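Novice: take this sequence and fold it.
(2 chains)
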2 protein chains.
Amino acid sequence: MSKSIDGTPLTDEFRMPGEFEPHKQTWMLWPQRPDNWRLGAKPAQRSWVEVATAISQFEPVVVGVDHDQFDNARHRLPQHIRVVELSSNDAWMRDCGPSFVVNDEGELRLVDWDFNGWGGLHDGLEFPWDRDDAVPRKVAEIESVDRYKAPLVMEGGSFHVDGEGTLLTTEECLLSPGRNPDLSKGEIEQHLKDYLNVEKVIWLARGIDPEETNGHIDDVACFVRPGVLAFAWSDDRDHPYYDIQAENLAILLRQTDARGRALEVSKVPLPAPVVRTAEEADDVDHVEGTIPRQAGDALPASYINFYICNGGVVKPSFDDPMDEPARDAIQRLFPDRRVACVAGREILLGGGNVHCITQHQPRRSYR
Amino acid sequence: MSKSIDGTPLTDEFRMPGEFEPHKQTWMLWPQRPDNWRLGAKPAQRSWVEVATAISQFEPVVVGVDHDQFDNARHRLPQHIRVVELSSNDAWMRDCGPSFVVNDEGELRLVDWDFNGWGGLHDGLEFPWDRDDAVPRKVAEIESVDRYKAPLVMEGGSFHVDGEGTLLTTEECLLSPGRNPDLSKGEIEQHLKDYLNVEKVIWLARGIDPEETNGHIDDVACFVRPGVLAFAWSDDRDHPYYDIQAENLAILLRQTDARGRALEVSKVPLPAPVVRTAEEADDVDHVEGTIPRQAGDALPASYINFYICNGGVVKPSFDDPMDEPARDAIQRLFPDRRVACVAGREILLGGGNVHCITQHQPRRSYR
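Specialist: Residues are numbered from 1 along each chain as shown, chains lettered A, B, ... in the order given. Okay, the predicted model is just below:
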């Protein structure tokens, strides 16, 4: 059973842990739509298998899948990975999935945000988005976890928390006209404080994919641990993300977190710009209501879109000279975890990367 | 995770417990198809809610539902009943669901039979039946239970076990040409012994619904406990089921069970014959591939189609003078359980009753 709970995590003293805190398991959704994934999604499915398998070295993985693809997903995924029927409009568990919260008595609940396909009828990427929006309430039932319904359009990839009262996000996304146009910045911030039990919201300016997620934070910066951030960076002033990240860096360096700490910002190199090829574009179905996929599209490649799991970090590679330096930089940031690299291009073609297709379920904790 | 297991419950020393042994929970599937359930399935959904609610007094209930009906089912069912996405072709969890088996070390597995819509292309009731057939492997994943794939077309409503080595079934169903036409009676019996770890199969002759399930046992007789059967009976020689049950009774009275016990057969009265009204027939969609629903159809009404759960029995009523005598007879058979009565007509219109729409998941046991 899963109860729908009045009140908020703030009033009930639940908090969202940092991704680097211990997990029970990782949730993913199986890709299948031929209007976002080339060649009937078979290459993407191979990438999902690679990511799920990599994570499963470190912690249990559950993959949600439509009935039509159930047997195929079950066949392609290793048997130790759990496959459950959980239909969706696409496969971005980070964004449509729940945000789990815990208290100090070992209780787990989840926050179910409104989801509108990354911008609804204004500039969303898919139509309809009903199945994606239903994912958190279905996860609540599968896991028998009680659920808060938050009256806010949000995606899990649009924010990070440090588990100690600080939230990091971008104005470009959270203040975008396709999400919560009737709420002021202050009202949005209050909802974040109510539903994630944070005390301080740090607003960066922009992300690197204005056309897709309207600038999700999870391509540009993330918490390694409280007080320490990994941050996407290129020293090349001609890199298309240079100005964006220079502006974000300036903001970060004059901020403190909820505990009053100055933030330590560790740069992780960016790969060279990546664009969609004509062949990759031609292998995708054209369907009204889905964002078109065209040759020459800029793809938001960033190593920062890694996923932290128990004892590991799973990071995308792009056949780029920076693959190894980025791996080394991330490994230095996580001396107690092993960094596993997976091929990132296929996931990137659909609009995101490893972090975007995963959602961590924290372990219950007792303090 | 759920592993697919080679071997059989027989070789691995797993057995299927009797329905009267302790349960962890009850599984159901939500009805929705307008070609089997009148008026868009709304009256049936109310009956399902009544049955699920009645069972939930005694033990946890999980209801599987298609995405399209997820929110509706969640809204109509009490919050303490768990609702999971689990699509199906119709709503007969007894027949398409898994048969759970246990060992003495507290392990639980399940048997996944072939399912072909109660007779496949020969005389089946629905087409296609792919989602029904997938239900056991999805349940295995939801529950993280290992799974045996049995190479036999079977429905859960076509047999009962006493948990002590005896299985009760009908020749009419198991030897029907739409199920396993290439297997001899002896080969079918061997599969039952292999996959349910029984030693003796008692074959009754016929059931009471030749047009629907080809004579499922669960309308005519069931185990109350090892050695004791509840048995549908009418003293009226003109009752349409009199001859069928007289023949079955004669068979039972000359049988012993796997432990060598003579069987104690307790008669439970049958209701008067029930037929479908013209209005009830007209409120159902006509769709090729689904058994037609016509005015005057004989409906297989039997109180024996009750469900035994922890501390309770849930039994259908039919607005019949025998409702109360049947209730009293069943109550006498289960002195330690409370008999709860639910309205049975709406479920009967679709072809079965309380037992047909439930599937018990035994509690793990240690001996």
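
Novice: centre of the chain to stretch A:253-264, how far?
Specialist: 23 Å (Cα atoms, centre = their mean, to the nearest Å).

Novice: any idea how far apart the tips of it sit?
Specialist: With Cα to Cα, to the nearest Å applied, stretch A:253-264 spans 8 Å between its terminal residues.

Novice: quick one: buried residues of it?
Specialist: A:255, A:257-258, A:263 (16 or more other Cβ atoms under 10 Å in any protein chain shown). Where C-beta positions appear, they are placed from N, C-alpha and C, glycine not excepted.

Novice: check stretch A:38-45 too.
Specialist: Neighbour count says stretch A:38-45 has A:38, A:41, A:43-45 buried, by 16+ other Cβ under 10 Å.

Novice: with stretch A:174-189 instead?
Specialist: Buried, per 16+ other Cβ under 10 Å, within stretch A:174-189: A:174-176, A:178-180, A:183, A:188-189.

Novice: follow-up on the earlier one: in strands, which of the buried residues of stretch A:38-45 appear?
Specialist: Residues of the buried residues of stretch A:38-45 located in strands (DSSP state E): none.

Novice: could you pull out the strands for the stretch 251-367 of chain A?
Specialist: A:264-269, A:274-275, A:298-299, A:307-309, A:312-317, A:338-343, A:359-362 (DSSP state E, counting those that start in this stretch).

Novice: give me the residues contacting the third one.
Specialist: With Cβ atoms under 8 Å, 6 or more residues apart in numbering or on different chains as the contact definition, strand A:298-299 has outside contacts at A:240, A:273-276, A:348-349.

Novice: now A:Cys173: how far from A:Arg206?
Specialist: 9 Å (Cβ to Cβ, to the nearest Å).

Novice: between those two, point out the one with more neighbours.
Specialist: Neighbours were counted for A:Cys173 and for A:Arg206 using other Cβ atoms under 10 Å in any protein chain shown; A:Cys173 has more, 26 against 19.

Novice: next, the distance between the ends of stretch A:121-140.
Specialist: End-to-end distance for stretch A:121-140: 27 Å, by Cα to Cα.

Novice: stretch A:15-26 too?
Specialist: With Cα to Cα applied, stretch A:15-26 spans 18 Å between its terminal residues.

Novice: again, but for stretch A:332-343
Specialist: For stretch A:332-343, the first-to-last residue distance is 21 Å (Cα to Cα).

Novice: what's in contact with that stretch?
Specialist: By Cβ under 8 Å, 6+ apart, stretch A:332-343 touches A:47, A:50-51, A:54, A:57-58, A:224, A:228, A:230, A:266, A:268, A:306, A:308, A:311-317, A:323, A:327, A:330-331, A:354.

Novice: now stretch A:242-249
Specialist: Residues from elsewhere that reach stretch A:242-249, judged by Cβ under 8 Å, 6+ apart: A:204-208, A:220-221, A:231-234, A:236, A:265, A:270.

Novice: what about burial for those residues, which qualify?
Specialist: By 16+ other Cβ under 10 Å, those give A:204-208, A:220-221, A:231-234, A:265, A:270 as buried.

Novice: which one of these is nearest to chain B?
Specialist: A:Gly207 (31.2 Å; Cβ to the nearest Cβ).

Novice: give the contact list for the closest residue to the closest one other than its chain neighbours.
Specialist: In space, and not counting its chain neighbours, A:Gly207 is closest to A:Gly215: 2.9 Å by Cβ to Cβ, 6 or more residues apart in numbering or on different chains. Counting by Cβ under 8 Å, 6+ apart, A:Gly215 touches A:170, A:172-173, A:176, A:206-209.

Novice: 10 Å - rerun?
Specialist: Residues counted as contacts of A:Gly215 (Cβ atoms under 10 Å, 6 or more residues apart in numbering or on different chains) are A:158, A:169-176, A:204-209, A:244, A:300.

Novice: give me the pLDDT for it.
Specialist: Looking at A:Gly215, its pLDDT is 98.

Novice: look up phi and psi at it.
Specialist: The phi and psi values for A:Gly215, taken as degrees, to the nearest 10, are phi 90, psi 50.

Novice: state the distance from A:Arg131 to A:Gln359.
Specialist: Applying Cβ to Cβ to A:Arg131 and A:Gln359 gives a distance of 16 Å.

Novice: pretty sure A:Lys149 sits against A:Gly7.
Specialist: No: contact criterion Cβ atoms under 10 Å: A:Lys149 and A:Gly7 do not qualify, at 11.0 Å.

Novice: so for the two, which sits in the more crowded spot?
Specialist: A:Lys149 (15 against 10).

Novice: which residues does that one form beta bridges with?
Specialist: A:Asp112 (DSSP bridges).

Novice: how far away is it from chain B?
Specialist: Noted for A:Lys149: a distance of 12 Å to chain B, by Cβ to the nearest Cβ, to the nearest Å.

Novice: just the pLDDT for that residue.
Specialist: 97.

Novice: quick one: contacts for it?
Specialist: Here A:Lys149 is in contact with A:4-6, A:111-114, A:136-137, A:195 (Cβ under 10 Å, 6+ apart).

Novice: separation between it and A:Thr8?
Specialist: Computed with Cβ to Cβ, the distance linking A:Lys149 and A:Thr8 is 10 Å.

Novice: also A:Asp104?
Specialist: A:Asp104 sits at a distance of 17 Å from A:Thr8 (criterion: Cβ to Cβ).

Novice: swap in A:Pro34?
Specialist: 40 Å.

Novice: cool, and A:Ala258?
Specialist: For A:Ala258 relative to A:Thr8 (Cβ to Cβ), the value is 17 Å.

Novice: next one: A:Arg206
Specialist: In terms of Cβ to Cβ, A:Arg206 sits 29 Å off from A:Thr8.

Novice: which residues in chain A form helices?
Specialist: For chain A, the helices defined by DSSP state H cover A:9-12, A:42-56, A:70-76, A:93-96, A:120-123, A:130-143, A:171-174, A:185-196, A:242-253, A:278-282, A:323-333, A:345-349.

Novice: if we look at the third one, which residues are touching it?
Specialist: Residues outside helix A:70-76 that contact it (Cβ under 10 Å, 6+ apart): A:29-32, A:41-42, A:45-46, A:48-49, A:52, A:63-66, A:69, A:81-87, B:2, B:4, B:87, B:130-131, B:134, B:137-138, B:141.

Novice: buried set for it?
Specialist: So, applying 16+ other Cβ under 10 Å, buried residues of helix A:70-76: A:70, A:72-74, A:76.

Novice: output those in TSV; the columns should cover pLDDT.
Specialist: Below are the buried residues of helix A:70-76 laid out as TSV (pLDDT from 0 to 100):
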residue	pLDDT
A:Phe70	98
A:Asn72	98
A:Ala73	98
A:Arg74	97
A:Arg76	98
